[in-house]
Every structure is written in structure tokens, then in C-alpha cells.
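Q: Take a look and give me a structure for this.
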Amino acid sequence: MTVIHHAPRLPKTFNRLAWSNLAAQSAEQIALVAAPIVAVIMLGVGEGQTGLLQTALTLPFILFAIPAGLLADRISRRRLMAGAEGLRAGALAAILVLIWLDGLTLPLLALLGFVAVCGTVAYSVAAPALVPSLVTPDVLPAANARIELARTVAFASGPALGGVLVGWTGAATAFGVAAALSVIAVGLLSGIHEPVRSPATRRHPLQEIKEGAAFVLHHPLLRPVFITQFIFNTASFLLLAVFVPYAVRRLGLSAIGIGLTLGMYGAGMVCGALLATRLMRRLAFGTVIGLGPVTGFVAAWVMALTTYVPSPSLAGLSFFLLGAGPILWVISTTTLRQSVTPPSLLGRVSAINIMSYGARPLGSALGALVGGLFGAEACLYLAAIIFGVQALVILLSPAVSLARQPAMVGDGPEALRAC
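A: Here you go, the predicted model:
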């Protein structure tokens, strides 16, 4: 007799969050690709100045992730997300007005972009903390897969859409569309019913931040997950830092070829997100957690193989694997984090996870240093070795031995002592 697995039904209030996430992530991606194009084409800035612009667009993840997590544990997460998205809409609309008035300058673009990304950080921190209150534990993996699918669709299509809008209709249209998507995200959030949380005892902010960091760093499951993610971000941005010049010089790719090859990363993410729920029903929970780092390791060595077999197809396969495997990691570890973290700590724990993005500039700097001294090939081998380290960290951890998703914990003192 054939057993038919029906896709889990998610509540309508969660579906509003998923659509809001798609709108918000699309707004972010369109704006992120439009800003440097505007800086170069409209304002005539050079490489050094665009580097400063990119710094302004990444700093909020390091500066404000922890404060956003603290807010997410103190106030309504839905209202925090709506306010953050409203802030982004306002900043993008201000850029639009300045373009119309011919008053946009690089400092203003950097400042308003910085403000917009602050909204992104708050939204990204609060969303994973809100999800467990909207769905039952048995459909939590499916809910996280839906959230990640929206993010990957935005990641895959947003940059292309942003480039097309700037190229065909002008910069104003791109920022106008991004601002409108943010407004739509706010409207969708307004229809979400968030269960009321018991008010937490207010303490000094530094004490609350320390509590969240200590929970992650002392937890036997969350600590290796954080370390693995930090190392993964270092290795992946080391690889990305040298790929374009390597692809031109060694693989003979044109600009279109490079775009198509990098696009395989987004394609892999979409495929992984679509398969995630099915895999998590069929495989042990810990096995799915281990799949992402192991697939990243395989992807890195496939890329390293191109130094001997300079094939664009191998490079495309590498980026596809680099997207497909790690998206399974994001979905499974987000579910793990939501399951073992007391609800009152979820915002701060999500913020600590966002802080692992701080490894990205480290990876880029490492690529610049090693690539400048020894060439891109050395960077690819080094990236493969670092990917091996992150796979080893998670494979030696107790996380990969989990047979099933852990039971959801509460806010009692025993939950805080469980680590």
C-alpha cells in the first residue's frame, strides 16, 4: 500500500508572514543592487568609493544585530518588524525623492542606505523569533522552509530585477519599486495575530545581551552550529572574493558567463528550499544538519578541481551545490535554534546567529591578502581546506546525532540551565 505524504498545511496568519518576507527580501535585494549602480553611473564614483558604500551597507549587521535582538525579546516582534520595514520604506523613498530633485550625493546615498539596512537587520532578527508563535512544532520545519524559499526566490530574482529596472527605466523606478514592496510587507504584517507574551523582567541591557550570548556559546547543540556558520561564511566569501578575476583569466568566461555561473548559486538555493521539507521527513534530523556543511565542502573541492580542469560547467556545479546544501543547513539549524531556545531568548539568540555574518568581510580580506600574494588558485585551495574544517566541526558535534527535531522548550529556569 502506498503512503501519500501530504504537504503540511500552514495557518493563514503564517502565510501572511511568508508573503511579507518575500516582499521585504525582494525590496532589500533590489535596493542593494541599485545602490552601487547608481553610485557609479549617476554619481561617477570609483572603486574605492563604492567600497566605502558597500561598507556602509554591511555595517548595520555588526552594529545593530544585538540591539535588535534585545528589542525583539522586549516588545512585540510583529510591531518591531513592521516598524523596521517602515523605516526601510522611508529611507528608500527619500533616495527616490533626492533622485527626482537631482540632489542625491554619495554621502546621502550611503547614509540612507545605512538606515535602510538597519531596517533589514531588525526584520531579519525578529522574523525567526516570531515564527514559532504562529505555527505548531510539527510544522515548524515546513514553516522555516517556506520562509527560506521566499528568501531564495528574492535572492535569485531581486538582483536581476534591480539591474533591469535601473538599466531600462532609471534608478528612480528601482528605488520606487523597492519602497513599494516594503510598504506591502508592512501591510501584510498588520494582518498577523501575534500571541501575547508574558512581560519579561527588565534588567540592564548588557546583562540581557550577555545572557543570550552565554546561552548560545554554552549550549552543546548551538555552540558548534555557530562556530560552523562562522567558518562557513569565512570560506565562502574567500572563494567569492577571487572568483570573478579567476573566472576571466582561467576559465575564459565573459561577463554573461560569469553572471550565469553565479546564478547557479541562486538556483541551488531554490532547489534546496523546495526539497527541504521532504528530506526532513525522510532523513534523521541530525543528518539534514550535517548535509549542508558536507555539501559545502564538496562544492569547494569541485571549484578547486577547475585549477586542473578549467571547465565553466564544474564552476557552475560548485555554485549550485554551494546554494543547495547550505540552504538545508539554514532551515534545519533555524528549526533547531527555535526548538531548544526559550521563547523569551529567541530574539537575542537570533541576533547572535546574525553576528556570524561578521565573518564575511574577514573572508573577503583573506581573499585579497592570499590572492595578492599567491594568486587565486591558492585561495581556492585554502577555501576548500577551511570548508573541510567547518564540516569537521559539525560532524564531531552532538547535533548530527539527533534522530528527530528536539521538543520545544519553555521559559522556565530549567530551560535556561539545560545548556
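Q: Assign a three-state SS to the nearest residue to residue 312 once chain neighbours are set aside, would you?
A: Spatial nearest neighbour of residue 312, chain neighbours left out: residue 251 (5.3 Å); criterion: CB to CB, 6 or more residues apart in numbering. Bear in mind the C-beta positions are built from the backbone N, C-alpha and C, glycine included. Here residue 251 is recorded as coil under DSSP: H, G, I helix; E, B strand; the rest coil.
Q: residue ranges for the helices of the stretch 1-150 of the chain, please.
A: Taking DSSP state H, counting those that start in this stretch, the helices of the stretch 1-150 of the chain run over residues 12-41, 47-63, 65-74, 77-100, 106-134, 140-169.
Q: residues near residue 90, how many?
A: Residues lying near residue 90 (other CB atoms under 10 Å) number 16.
Q: From residue 171, how far off is the residue nearest to residue 122 when sequence neighbours are not counted?
A: The shortest distance from residue 122 to any non-neighbouring residue, by CB to CB, 6+ apart, is to residue 84 (3.6 Å). Distance, residue 84 to residue 171, using CB to CB, to the nearest Å: 24 Å.
Q: now do residue 195
A: Residue 195 is 42 Å from residue 171, by CB to CB.
Q: which one of the two has more residues nearby?
A: For residue 195 versus residue 171, the count of surrounding residues by other CB under 10 Å is larger for residue 171: 22 against 8.
Q: for the more buried one, what are its contacts?
A: 34, 37-38, 41-42, 99 (CB atoms under 8 Å, 6 or more residues apart in numbering).
Q: before we move on, back to that, can you verify my assumption that the residue nearest to residue 122 contacts residue 117?
A: No - counting by CB atoms under 8 Å, residue 84 does not reach residue 117; the two are 10.4 Å apart.
Q: between the two, who's got more neighbours?
A: Using other CB under 10 Å as the criterion, residue 84 and residue 117 rank with residue 84 on top: 28 against 24.
Q: dump the residue contacts of the more buried one.
A: Per CB under 8 Å, 6+ apart, neighbours of residue 84: 68, 118-123, 126.
Q: what does residue 179 give?
A: So residue 179 contacts 27, 89, 92-93, 96 (CB under 8 Å, 6+ apart).
Q: Please apply the same query to residue 11.
A: Contacts for residue 11 (CB under 8 Å, 6+ apart) come out as 134-135.
Q: Phi first, then psi, for it.
A: phi -70, psi 150 (degrees, to the nearest 10).
Q: Distance check, it against residue 143.
A: For residue 11, the distance to residue 143 - CB to CB - is 9 Å.
Q: Now list whatever residues contact both of these two.
A: By CB under 8 Å, 6+ apart, the residues touching both residue 11 and residue 143 are 134-135.
Q: Can you list the low-confidence ranges for the stretch 51-200 of the chain?
A: Within the stretch 51-200 of the chain, the segments meeting pLDDT under 70 span 51-52, 54-55, 159-160, 197-200.
Q: give me that answer again for 50
A: The stretch 51-200 of the chain contains no residues with pLDDT under 50.
Q: Determine the number of other residues adjacent to residue 293.
A: Residue 293, neighbours per other CB under 10 Å, totals 28.
Q: Please report how far it lies from residue 313.
A: From residue 293 to residue 313 the distance is 24 Å (CB to CB).
Q: got the residue ranges for the helices in the stretch 151-300 of the chain?
A: So, for the stretch 151-300 of the chain - with DSSP H, counting those that start in this stretch - the helices run 171-190, 205-218, 222-249, 255-282, 285-305.
Q: Next, format those helices as CSV and append distance to residue 342.
A: Formatted as CSV, those follow (distance: least, CB to CB, whole Å):
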stretch, distance to residue 342
helix 171-190, 24
helix 205-218, 8
helix 222-249, 12
helix 255-282, 23
helix 285-305, 20
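Q: closest one to residue 72 among the ones you listed?
A: Among those, the nearest to residue 72 by CB to CB is helix 205-218 (10.3 Å).
Q: And for the closest one, what's in contact with it?
A: With CB under 8 Å, 6+ apart as the test, helix 205-218 has contacts from 66-67, 69-70, 73, 222-223, 226, 341, 345, 347-349, 351-353, 416, 419.
Q: Among those residues, name the buried ones.
A: Applying 16 or more other CB atoms under 10 Å to these, the neighbour count classes 66-67, 69-70, 73, 222-223, 226, 341, 345, 347-349, 351-353, 416, 419 as buried.
Q: Determine which two of the contacts of residue 84 are furthest apart.
A: Across the contacts of residue 84 (CB to CB), the longest gap, 12.8 Å, separates 118 and 126.
Q: Comparing those two, which residue is more hemmed in?
A: Neighbour count, other CB under 10 Å: between residue 118 and residue 126, residue 126 has more, with 29 against 21.
Q: How much space separates that one from residue 116?
A: 16 Å.
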